[in-house]
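S.K.: Here is a sequence with its predicted model. Questions after.
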Amino acid sequence: MSEIPPNIHAPTPEEVREKAAKHHMDLSEEEVEDFTAAIADTLAGYERLDELADPKPGLEYTDRDPGYQPGPDEDPLNAFVRKCTVAGADSGPLAGYEVGLKDNIAVAGIEMTCGSKLFEGYVPETDATLVTRLLDAGATITGKLNMEDMAFSGSGELSATGPVRNPRDTDYIAGGSSSGSIAAVVNGDVDVAIGGDQGGSVRIPASWSGGVGHKPTHSLVPYTGIAGLGRTFDHTGPMARTVEDCARVLDVIAGKDPADPRQGAVPTDQYTDALDDSASTLTVGVLEEGFGHDQSERGVDATVRDALDEFEELGADVTAVSVPMHLDGLPIWNGVAIEGTTATVNGEGVGYGGSGRYDTQFMEAFAQARRTRADDYLSTVKLTLILGQYLADEYRSHYYAKAQNLSRDLARTYDEALADVDVLAMPTTPQTAHEHRTDLSRLEVIDRALSMLPNTAPFDVTGHPALSVPAGESDGLPVGLMFVGERFDDATVLRAGYAFEQAVDPDIQ
């Protein structure tokens, strides 16, 4: 039998039989013996993989100041996981900007927790691609920002370090999963932030906390170096107090990265240059199915319709449109996201099958964490993994595959509507921010974590760009208006948001 390299061990005959059984095989004794020998011979060749260095992009920053965890006096909203100072280039389009990053974005030398107990103490060795782009553009990274535990909640109350308070009213929560990102932006602790969006996690907190959040077209901004849930619905994008700042950041972070397996061709634009405050150049389709959900508050629907009426009075061409399949968007998203997330977790937080960079450091940390601390998973993560594994095992991933196919039909229906208008418009979320409570049952927590998704989640599986801007208030709490455009036409979406922002009452900004 060939010699096995020291870092890898051949399976015993019992382990061969065990692994075969996981693939529904019942091996004979002769098969077990033969496969044990064949596997040992194959693994001997893995010695060379152990000898080769794992390629890593860019430089390793071992001398960076790791920053510190601020106390409640310094961080009353619980927006920060760590405060730090990572200075970028001396000049550039983001020179003078202080930028915060959702804490699933890797910054070399600074702890990344993903909002979870599972990753406490994990320190990446390399920067995410968009971090390099921000620093090259002159930005200074000043904080890693709180988030919902492993990003699977929209409420803003389920970080491992506790709820993130709403910057407009601290009796309420900020919305998630990019909760700390919006709280820090609206509170003025950072100029702009980068959030993540798999079901609405940039747009939900922007809506609930009175900020601006842009989910770019899927793959427009590289996701390399960011902990994700599923390659077909992972998005990352800017959050700010103005549309112009979102556009300025997108100018810097958008574009092709050969290391990101999510990307094909990536057409970009000059997003800041495309901004135009003229409402009269826009045709807005008000999506009727975006209103009147079971979860909808009358005040939210009324506030958005009033804002669009005002936009029409100021020159925009506003018309009603109908996309009945929008009402199927949330079940389609569930079909993709639940099994997709489960597969990503089974793939040690990174997954398989893409041609791009695999973060072996994060994979090893993720694998260790989930094997030793899975009981610390958030309730929504536990629910997702149990259900996702059940669907994969018992229904052979039929519903995941069908949902992926249906997402293409859903995208087509939006494209057909967008052929006649520049953007679609609807409430970002059906309700305003939840009040902070400590007396909730597990099922109530789960419901509050996922009840705000019917308008945001569909566009994560179709990949269309979507922007949330403040539209006013309902019962004293912020309400968001969402504009959606054609894929890779982020410039028009931002232009619509900018024109609306310039036209409406400045008191809502």
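M.R.: Received it, and whenever you're ready, just let me know what you need. Residues are numbered from 1 along each chain as shown.

S.K.: So what's the gap between the helix or strand hosting G480 and the chain middle?
M.R.: Taking DSSP states H and E as the definition, G480 sits inside strand 477-484. In this view, strand 477-484 has its centroid 18 Å away from the chain centroid, taken as Cα atoms, centre = their mean, to the nearest Å.

S.K.: now do stretch 244-257
M.R.: A distance of 16 Å separates the centroid of the chain from that of stretch 244-257, by Cα atoms, centre = their mean.

S.K.: Now do the buried residues in that stretch.
M.R.: Within stretch 244-257, the residues that count as buried by 16 or more other Cβ atoms under 10 Å are 244-255, 257. For every residue, glycine as well, the C-beta is placed using N, CA and C.

S.K.: any chance of the residues you listed in CSV, plus pLDDT, secondary structure and distance to A128?
M.R.: Shown next, in CSV, are the buried residues of stretch 244-257 (pLDDT from 0 to 100; DSSP: H, G, I helix; E, B strand; the rest coil; distance: Cβ to Cβ, whole Å):
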residue, pLDDT, secondary structure, distance to A128
E244, 98, helix, 24
D245, 98, helix, 20
C246, 98, helix, 18
A247, 98, helix, 21
R248, 98, helix, 19
V249, 98, helix, 14
L250, 98, helix, 16
D251, 98, helix, 18
V252, 98, helix, 13
I253, 98, helix, 10
A254, 98, coil, 14
G255, 98, coil, 14
D257, 97, coil, 10
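
S.K.: what pLDDT, on average, does stretch 22-37 get?
M.R.: Mean pLDDT, computed over stretch 22-37, is 92.

S.K.: Can you give me the end-to-end span of it?
M.R.: 20 Å (Cα to Cα, to the nearest Å).

S.K.: Equivalent analysis for stretch 456-468, please.
M.R.: 10 Å.

S.K.: Same check on stretch 168-175?
M.R.: Counting by Cα to Cα, you get 12 Å between the two ends of stretch 168-175.

S.K.: CA atoms only: put the helix or strand of the chain with the lowest mean pLDDT into PDB for me.
M.R.: Of all helical and strand segments in the chain, the minimum by mean pLDDT, DSSP states H and E falls on helix 47-51, at a mean of 81. Presented in PDB, the C-alpha positions along helix 47-51 are these (Å, rounded to 0.1, in the frame of the first residue of the first chain):
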ATOM      1  CA  GLU A  47       1.000  14.800  -0.500                       C
ATOM      2  CA  ARG A  48       1.800  17.300  -3.300                       C
ATOM      3  CA  LEU A  49      -1.300  19.500  -2.400                       C
ATOM      4  CA  ASP A  50       0.000  19.700   1.100                       C
ATOM      5  CA  GLU A  51       3.400  20.800  -0.200                       C
END
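
S.K.: all strands for the stretch 51-200 of the chain, in order.
M.R.: Taking DSSP state E, counting those that start in this stretch to define them, one finds strands in the stretch 51-200 of the chain at 80-86, 98-102, 140-145, 192-197.

S.K.: Next: the stretch 401-509 of the chain.
M.R.: Listed in chain order, the strands of the stretch 401-509 of the chain (DSSP E, counting those that start in this stretch) span 423-427, 466-474, 477-484.

S.K.: how about TSV for those strands, with distance to R203, mean pLDDT and mean neighbour count added?
M.R.: Listed next are the strands of the stretch 401-509 of the chain as TSV, based on distance: least, Cβ to Cβ, whole Å; pLDDT from 0 to 100; neighbours: other Cβ atoms under 10 Å:
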stretch	distance to R203	mean pLDDT	mean neighbour count
strand 423-427	11	99	27
strand 466-474	4	98	26
strand 477-484	6	98	28
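
S.K.: so which of these comes closest to G121?
M.R.: Nearest to G121, of all the strands of the stretch 401-509 of the chain, is strand 466-474, at 34.0 Å by Cβ to Cβ.

S.K.: Run me through the strand neighbours of that closest one, direction for each.
M.R.: Strand partners for strand 466-474, identified by DSSP bridges, are recorded as strand 212-215 (antiparallel), strand 477-484 (antiparallel).

S.K.: Tell me which of the ones you listed sits nearest to L406.
M.R.: Among those, if distance is taken as Cβ to Cβ, the winner is strand 477-484, at 18.2 Å.

S.K.: Which elements pack onto the longest helix seen in the chain?
M.R.: Counting residues, the longest helix found in the chain (DSSP state H) is helix 398-418. Applying 3 or more Cβ pairs under 8 Å, 6 or more residues apart in numbering; DSSP states H and E, we find helix 398-418 packed against strand 283-287, helix 329-346, helix 379-395, strand 423-427, helix 458-462.

S.K.: List the buried residues of it.
M.R.: Across helix 398-418, burial judged by 16+ other Cβ under 10 Å covers Y399, Y400, A403, Q404, L406, S407, L410, A411, T413, Y414, A417, L418.

S.K.: Could you list the residues in contact with it?
M.R.: 232, 285, 287, 321-326, 328-329, 331-336, 338-340, 391-392, 424, 458-459, 461-464, 484-487 (Cβ atoms under 8 Å, 6 or more residues apart in numbering).

S.K.: Give me the mean pLDDT for it.
M.R.: In this model, helix 398-418 has a mean pLDDT of 98.

S.K.: how much distance is there from it to the middle of the chain?
M.R.: Its chain's C-alpha centre and that of helix 398-418 lie 20 Å apart, by Cα atoms, centre = their mean.

S.K.: In this structure, where is pLDDT below threshold?
M.R.: Across the chain, residues meeting the criterion (pLDDT under 70) sit at 1-6, 58-62, 505-509.

S.K.: Give me the domain ranges for it.
M.R.: The chain breaks down into these domains under automatic domain parsing: 13-51, 80-508.

S.K.: Check those for me and report the most buried one.
M.R.: Comparing the domains of the chain by mean neighbour count (mean count of other Cβ atoms under 10 Å), domain 80-508 comes out on top with a mean of 22.

S.K.: just so I know, which of the strands paired with strand 466-474 lies nearest V304?
M.R.: Here strand 477-484 is closest among the strands paired with strand 466-474 (Cβ to Cβ), at 5.3 Å.

S.K.: angle of that closest one against strand 423-427?
M.R.: 160 degrees (axes from the mean of the first three to the mean of the last three Cα atoms, to 10 degrees).

S.K.: Using CSV, list the CA coordinates for strand 477-484.
M.R.: Coordinates of each C-alpha in strand 477-484 appear next as CSV, following Å, rounded to 0.1, in the frame of the first residue of the first chain:
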residue,chain,number,x,y,z
LEU,A,477,-41.5,55.7,12.1
PRO,A,478,-39.7,55.8,8.8
VAL,A,479,-41.2,54.2,5.7
GLY,A,480,-39.1,53.2,2.7
LEU,A,481,-40.0,53.4,-1.0
MET,A,482,-38.3,50.8,-3.3
PHE,A,483,-37.4,51.4,-6.9
VAL,A,484,-36.5,48.4,-9.1
